[in-house]
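# For reference, the sequence and a predicted model appear below.
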Amino acid sequence: MTQTVSRRGFVRQLAALPLLALLPPAALAQIISRTPPTSPFGADSTAEEVTAGLDLAGKTYAITGANSGLGYETMRVLAMRGARVIGIARTMEKAETACASVAGDTTPASLDLGDFGSVVDCAAMIRALGIPLDGLICNAGIMALPERELLYGIEKQFVVNHLGHFILVNQLLETVMAAPQGRFVLLSSLAHRRAPEAGIQFGDLAFSSGEYDAWTAYGHSKLANALCSLELARRLSGTPTTSNSVHPGVIDTNLGRHLPWYLQAAGTLFGWAFMKSVEEGAATQTYVATSPGLAGVNGYYFADCNPDPGETAAMRDEAMAARLWQVSEDITRDYLPG
């Protein structure tokens, strides 16, 4: 969705940001419309640009997939703006290497989103720090697995992209809510339009019926991310804490490692014509996690730093979102807070 603002409106918005940051979160939630303000940023904006002028000193963020791609760039920029960042990777070695290469205050942590016990352990480590989280950015994921794989009897992309993060969100719910204006940011994708037309396949989460299609299964998991955020937002209604989902854009990162070699080669050779850079791809999630102007904005899907309705009606299906939450609770109950 393309949105423009006048030069005067852009200046007005920038001038308002420091004032908004000084207000108590409860007051912000009341004076700011639930409709997000028009952003002066767009598809070409970078994470550095959307945070220009922000002082994040005293704030703490946790981000999954912090060792490469969008997660690494988001961590780098948040730390550069003064925030403490808990950089989460699949192994502690990867997390430590990534955190050590970033200037600023970073803390390594590890989890395997496909191993629910490790997600619980990571959340316990974060809670043990004894500090609120101003933001949890659920960034990590896998994409377009060429063969159907199962974890816990469920299609692997749904498990890793959705259920692993679902456990992490619930395990850290009180930690984020303890912040003055905590934010959950869940990465969805334009690929949600590739999900089955009926939406979440509650009767066949293993994708066992019919021929397996990598992109359909990936789109299914990305629809789940957006619906999880939507239901979380409903549950957070009336509090200063918010939840929103984002589409980062099409970017050449490690996420594409399962694609056929010829598609990877095409992305490397011609991606400049249609792909965002990593710096641009990290902009929307960084903006949604930090912008003072988004205090109180809850339950939206963002693309190019602006709200977007999504490509399908399923993205806005509140009944489906509520059912997904209940089903996810039933599946992961042994790994949720007591």
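Structure's in. What do you need? Numbers count the residues shown, from 1 in each chain.

# Now find how far off-centre stretch 84-96 is within its chain.
16 Å (Cα atoms, centre = their mean, to the nearest Å).

# Stretch 103-112 too?
17 Å.

# With only the CA atoms kept, save that stretch in CSV.
Listed next in CSV are the C-alpha coordinates belonging to stretch 103-112 (Å, rounded to 0.1, in the frame of the first residue of the first chain):
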residue,chain,number,x,y,z
ALA,A,103,28.4,-2.2,19.1
GLY,A,104,26.3,-1.7,22.2
ASP,A,105,24.7,-3.6,25.0
THR,A,106,23.7,-7.1,23.9
THR,A,107,23.1,-10.4,25.7
PRO,A,108,23.2,-13.7,23.8
ALA,A,109,20.5,-16.4,24.3
SER,A,110,19.5,-19.5,22.4
LEU,A,111,16.5,-21.6,21.5
ASP,A,112,15.4,-24.0,18.9
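
# Tell me the buried residues in that stretch?
Going by neighbour count (16 or more other Cβ atoms under 10 Å), the buried part of stretch 103-112 is 104, 106-112. Yep, even glycine has a C-beta here, placed from its N, CA and C like the rest.

# I86 versus V169, what's the distance?
Computed as Cβ to Cβ, to the nearest Å, the V169 to I86 distance reads 15 Å.

# if you count what's nearby, which of these two comes out ahead?
More crowded of V169 and I86, by other Cβ atoms under 10 Å: I86, with 25 against 21.

# Give me the nearest residue to the more buried one, chain neighbours excluded.
Among residues not flanking I86 along the chain, A62 sits closest, at 4.0 Å (Cβ to Cβ, 6 or more residues apart in numbering).

# Which secondary structure state is assigned to that neighbour?
Of the three states, A62 takes strand under DSSP: H, G, I helix; E, B strand; the rest coil.

# low-scoring stretches of this structure, by residue?
In the predicted model of the chain, residues 1-34, 252-274 satisfy pLDDT under 70.

# so the nearest residue to G299 once chain neighbours are set aside, which of the three states?
Closest residue to G299 apart from its sequence neighbours, by Cβ to Cβ, 6+ apart: A233 at 3.3 Å. The three-state label given to A233 by three-state DSSP is helix.

# OK, contacts around A233?
242-244, 298-299 (Cβ atoms under 8 Å, 6 or more residues apart in numbering).

# okay, how far is it across stretch 301-321, tip to tip?
With Cα to Cα, to the nearest Å as the measure, stretch 301-321 spans 14 Å from end to end.

# buried residues in it?
So, applying 16+ other Cβ under 10 Å, buried residues of stretch 301-321: 301-308, 310-312, 314-315, 317, 320-321.

# go on, stretch 236-243?
Applying 16+ other Cβ under 10 Å to stretch 236-243 flags 236, 240-243 as buried.

# same question, stretch 114-132
114-116, 118-120, 122-123, 126.

# Kindly report the same for stretch 77-96.
Under 16+ other Cβ under 10 Å, the buried positions of stretch 77-96 are 77-81, 83-90, 94-96.

# and if you look at stretch 223-238?
Quick answer for stretch 223-238 (16+ other Cβ under 10 Å): 223-233, 236.

# Please look at L324 and Q201 and confirm they touch.
No - using Cβ atoms under 8 Å, L324 is not in contact with Q201, being 10.7 Å away.
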